[in-house]
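Asks: prediction below, plus the sequence it came from.
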Amino acid sequence: MMEFHDVHASYDAVVALHGISFEVKKGEIVCLLGANGAGKSTTLRLISGLIHPKKGEISFNGQNIHNMSPESIVKLGISHVPEGRRVFPGLSVTDNLVLGVSNRTNVSKQELKKDINEIFNLFPDLKRLQNALGWTLSGGQQQMLAIARGLMAKPKVLLMDEPSLGLAPIVVQEVFRTIEHINKNMGTTVLLVEQNASMALAISDRGYVMETGEIVFQGMAKELLNNPEVQSAYLGGRVKGGCNNEFS
């Protein structure tokens, strides 16, 4: 479905990616793990067209997308939920959701209302807060709104950048349950960048571990959880059930 082939990226003189290659198959949850500065968020920015690679190819359903604009990429069915949520603070919950359909043409009022009601069924808290302004929401509510806005685009692939960042543990669990629901019940493929390695691997099919712009480990999620090197370097030692270890 999505493939990276020998992709290099940099910010001026600072090299961010040193020729990474990986794939995301239809229907999977795939996680990208690693410390700050490993190149995870850069990878998502490349997919969504916010930056372009210096070398290499990125393809989606057989079509090269690495030189396309963000608007064109969204129309292909790729939606990006960025780090920090970026909810519009002066707009209501409903108005934030409406912005999520900007990639879809000729959406009728009836269809828009139906889509919003479906989102409210998935996120009951947002229905209760539908007229509240973005700035009045808690961190967890803003994260749910950011995910919901991404889903309004009807994406084939949802890119999620650090969805648990800054949230209380009980809210983090709700966020991860929602990600699983989006994947299993809605059929949306998910590429997840996450600092909470244990929980990310617990819901993922496969994972890639990045260090300083390179992929150093890859495999099935369960294999990575049980890999002694991954445990030592990224999971704080032996992983036990319910552990929520995070990267520094």
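Replies: Right, received. Where do you want to start? Numbering: from 1, shown residues only.
Asks: now whatever helix or strand S21 lives in: mean pLDDT?
Replies: In the assignment (DSSP states H and E), S21 maps to strand 14-24. In this model, strand 14-24 has a mean pLDDT of 92.
Asks: for it, what is the distance to the chain centroid?
Replies: 17 Å (C-alpha atoms, centre = their mean, to the nearest Å).
Asks: and the helix or strand just after it with strand 14-24, angle?
Replies: Heading C-terminal from strand 14-24, the first helix or strand you meet, by DSSP H and E, is strand 29-33. Here strand 29-33 runs at 160 degrees with respect to strand 14-24, directions being taken by axes from the mean of the first three to the mean of the last three C-alpha atoms, to 10 degrees.
Asks: so who does the nearest residue to T94 once chain neighbours are set aside touch?
Replies: Excluding its sequence neighbours, the residue lying closest to T94 (C-beta to C-beta, 6 or more residues apart in numbering) is Q130, at 4.9 Å. Using the backbone N, CA and C atoms, a C-beta is placed for each residue, glycine as well. By C-beta atoms under 8 Å, 6 or more residues apart in numbering, the residues touching Q130 are 92-94, 120.
Asks: circling back to that earlier point, buried set for the strand holding S21?
Replies: 16-17, 19-20, 22, 24 (16 or more other C-beta atoms under 10 Å).
Asks: can you check stretch 88-102 too?
Replies: 92-94, 96-98, 100-101.
Asks: ok, now stretch 224-232?
Replies: So stretch 224-232, judged by 16+ other C-beta under 10 Å, has buried residues 224-225, 227, 230-231.
Asks: H18 touches E211, doesn't it?
Replies: No: H18 is beyond contact range of E211, at 10.0 Å (criterion: C-beta atoms under 8 Å).
Asks: helices of this protein, start to end?
Replies: 40-47, 70-76, 93-99, 109-122, 124-128, 139-151, 169-184, 197-203, 221-225, 228-234 (DSSP state H).
Asks: would you reformat these as TSV and include distance to Q63?
Replies: Output for the helices of the chain, formatted as TSV (distance: least, C-beta to C-beta, whole Å):
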stretch	distance to Q63
helix 40-47	13
helix 70-76	7
helix 93-99	26
helix 109-122	26
helix 124-128	33
helix 139-151	21
helix 169-184	23
helix 197-203	28
helix 221-225	28
helix 228-234	33
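Asks: out of those helices, which is closest to N61?
Replies: Minimum separation from N61 across the helices of the chain (C-beta to C-beta) falls at helix 70-76, 7.6 Å.
Asks: contacting residues around that closest one?
Replies: For helix 70-76, with C-beta under 8 Å, 6+ apart as the criterion, the contacting residues are 47-50, 60-61, 63, 65, 80, 102-103, 153, 156.
Asks: ok, stretch 211-228 next?
Replies: The contact list for stretch 211-228, computed with C-beta under 8 Å, 6+ apart, reads 9, 15-22, 31, 33-35, 37-39, 42, 198, 201-202, 204-210, 229-231, 235, 239.
Asks: kindly export the helix or strand of the chain with the lowest mean pLDDT (C-alpha atoms) in CSV.
Replies: Counting by mean pLDDT, DSSP states H and E, the chain has its least confident helix or strand at helix 228-234, which shows a mean of 77. Taking Å, rounded to 0.1, in the frame of the first residue of the first chain, the C-alpha atoms of helix 228-234 are listed here in CSV:
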residue,chain,number,x,y,z
PRO,A,228,16.3,-8.3,24.3
GLU,A,229,18.2,-5.5,22.5
VAL,A,230,14.9,-3.6,21.9
GLN,A,231,13.9,-4.1,25.5
SER,A,232,17.2,-2.9,26.9
ALA,A,233,17.5,0.2,24.6
TYR,A,234,13.9,1.3,24.2
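Asks: tell me the pLDDT at the residue most central in space within the chain?
Replies: When C-alpha atoms, centre = their mean is applied to the chain, the residue found nearest the centroid is M160 (1.1 Å). Note on M160: pLDDT of 91.
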